Each structure stands twice: as C-alpha cells, then as structure tokens.
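A.B. asks: Return a 3D structure for these sequence lines:
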Amino acid sequence: MNKKILLFGFSLIFAIGSYAQKFSFGVQGGFVIANSHIMHKPKTQGEDRRYYPLYTYSANLYLGYKGKGNFGISMEPGYLRKGGHNRYYEYLDPGIKEVLDYAQLPILLDYYISNKFFVSIGPELAYLLKASHDSRDQTYKYDNPFEISGLVAINYNIFSKLDVAIRYSHAFTYSKECMYYDLVGKAIYHDLKVYNQYFQVLVRFKI
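C.D. replies: Numbers count the residues shown, from 1 in each chain. Modelled structure (predicted):
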C-alpha cells in the first residue's frame, strides 16, 4: 500500500511539473507612440490634422500558457500611458498635451508559427486612472473610463528568457466627445468621438 501511495505521489509530482513547464511568467515594458483619433472627422479647410503623437511608456506583468499545438494564451496586467497632442489649427496654435493613465489587461491568443516567432491578437481591457492636460483655458470630460480595444502583435523569442514585440492597438470605445469651432469660436460640428490608438515596441523578460 505504501509503495502504491509513493508511486502515485511521484506520478503526481511529475505530472504537475510537466504541466507547469507550459506556463511562463515575467515582466515587460515598452516604448509607446500614442495618439488620439476622431472617427468620422469632417473635412475643414486648413485643418488637416487635429491630434499628433505622444511618446510614452508601459509596464506590465506577464502570464503565458502554451498548449501542445501551435496555440497559446497570455494575460498582461499592468499600466500604459495614452493620449496625444491636441492642435485645433495646425499652423496657428502650439497645441495641448493630453495624458491618459490606464490600468490595462490585454488577453491575447498566441499562434506560434515557429519556436521563435509567434503572433498575438485579442482584446485589451483598460480603466482610466488619471487624465491631465496642460491647458489653463479648457477642461475636458472623459466620458468612458472603461475602454475596450483590439490589439495585434508580432513577437520574436531572442532566447528562452527574452522576447521582443511590435504592437498596434485601437480602441473600440471612445474616450470623450469633442466639437469643432470656427475662427470666431462658433461650434460647427458637434458630438465627434475621440478614440485612443498606439504603436508599441516591447521587451519581455521571463522568470
């Protein structure tokens, strides 16, 4: 009886060890080029662009699982700064820097093309922690603190403990509404919706 219990114990330890090897843990950080995007933006003379990029960063934990085949799944709870430079008229004003701090949770499906190269796609859930801007003359109301985005990534495993990735994310839900004004301050377009987007270069260290 003791031999059976001992054999069962060794078998269980081996099974748990083999299963745990499919999980990977780590930390990651990235350089972010964030911007805001107005959907269905009207064409106005002399106003080709409204938002310009904001260079920011991210910091996340990492939990990944790879199955026996080519598929895996990963979760990355952490922090990311979004925003953009808001310029009402491209050549007439210096612009306003909007900074949006988010707690984020990307949940990604990973497809391994090879042992080194894999692509990821999935939703990114985020919650607005803080919003700030450098304008004394205007205030902003961010309508939706919760944000849902779509994220796609190309990843490369340099060696067993180090990955690099290039990513793009675009929000499905808008962060705020805005209006367009003419040169005399009269509102000419109402209820335009502003969406976050960003490119990211990321480095991941696995523990």
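
A.B. asks: okay, CA-based contacts and neighbour counts for the rest of this
C.D. replies: Fine.

A.B. asks: The top strand by length along the chain pairs with which strands?
C.D. replies: Criterion DSSP state E: the longest strand present in the chain is strand 187-206. Take DSSP bridges as the rule and strand 187-206 pairs in its sheet with strand 23-38 (antiparallel), strand 162-171 (antiparallel), strand 176-181 (antiparallel).

A.B. asks: Could you provide those strands in TSV, with additional columns for distance to residue 155, mean neighbour count and mean pLDDT?
C.D. replies: Shown next, in TSV, are the strands paired with strand 187-206 (distance: least, Cα to Cα, whole Å; neighbours: other Cα atoms under 10 Å; pLDDT from 0 to 100):
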stretch	distance to residue 155	mean neighbour count	mean pLDDT
strand 23-38	13	19	92
strand 162-171	4	18	96
strand 176-181	32	15	66
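
A.B. asks: who touches stretch 162-169?
C.D. replies: Under the contact criterion Cα atoms under 8 Å, 6 or more residues apart in numbering, stretch 162-169 has outside partners 149-158, 197-206.

A.B. asks: Quick one, which of those residues are buried?
C.D. replies: With neighbours counted by 16 or more other Cα atoms under 10 Å, those contain buried members at 149-157, 197-206.

A.B. asks: picking that back up, possible to save the strands paired with strand 187-206 as CSV with distance to residue 108?
C.D. replies: What follows is these, written out as CSV (distance: least, Cα to Cα, whole Å):
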stretch, distance to residue 108
strand 23-38, 14
strand 162-171, 12
strand 176-181, 26
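
A.B. asks: So which of these is nearest residue 117?
C.D. replies: Set against residue 117 and scored by Cα to Cα, the strands paired with strand 187-206 come closest in strand 162-171, at 9.5 Å.

A.B. asks: can you pull out the strands in the chain?
C.D. replies: Secondary structure of the chain by DSSP E: the strands cover 23-38, 51-52, 54-66, 71-75, 78-86, 96-112, 117-133, 146-159, 162-171, 176-181, 187-206.

A.B. asks: Please report the distance of residue 37 from residue 142.
C.D. replies: 14 Å (Cα to Cα, to the nearest Å).

A.B. asks: quick one: residue 199 and residue 83, what's the gap?
C.D. replies: Relative to residue 83, residue 199 is positioned 12 Å away (Cα to Cα).

A.B. asks: Can you tell me the number of residues neighbouring residue 130?
C.D. replies: Residue 130 has 12 neighbouring residues, counting by other Cα atoms under 10 Å.

A.B. asks: how about the nearest residue to it once chain neighbours are set aside, what does it touch?
C.D. replies: The shortest distance from residue 130 to any non-neighbouring residue, by Cα to Cα, 6 or more residues apart in numbering, is to residue 101 (5.2 Å). Taking Cα under 8 Å, 6+ apart as the criterion, residue 101 is in contact with 79, 80, 81, 82, 128, 129, 130, 131.
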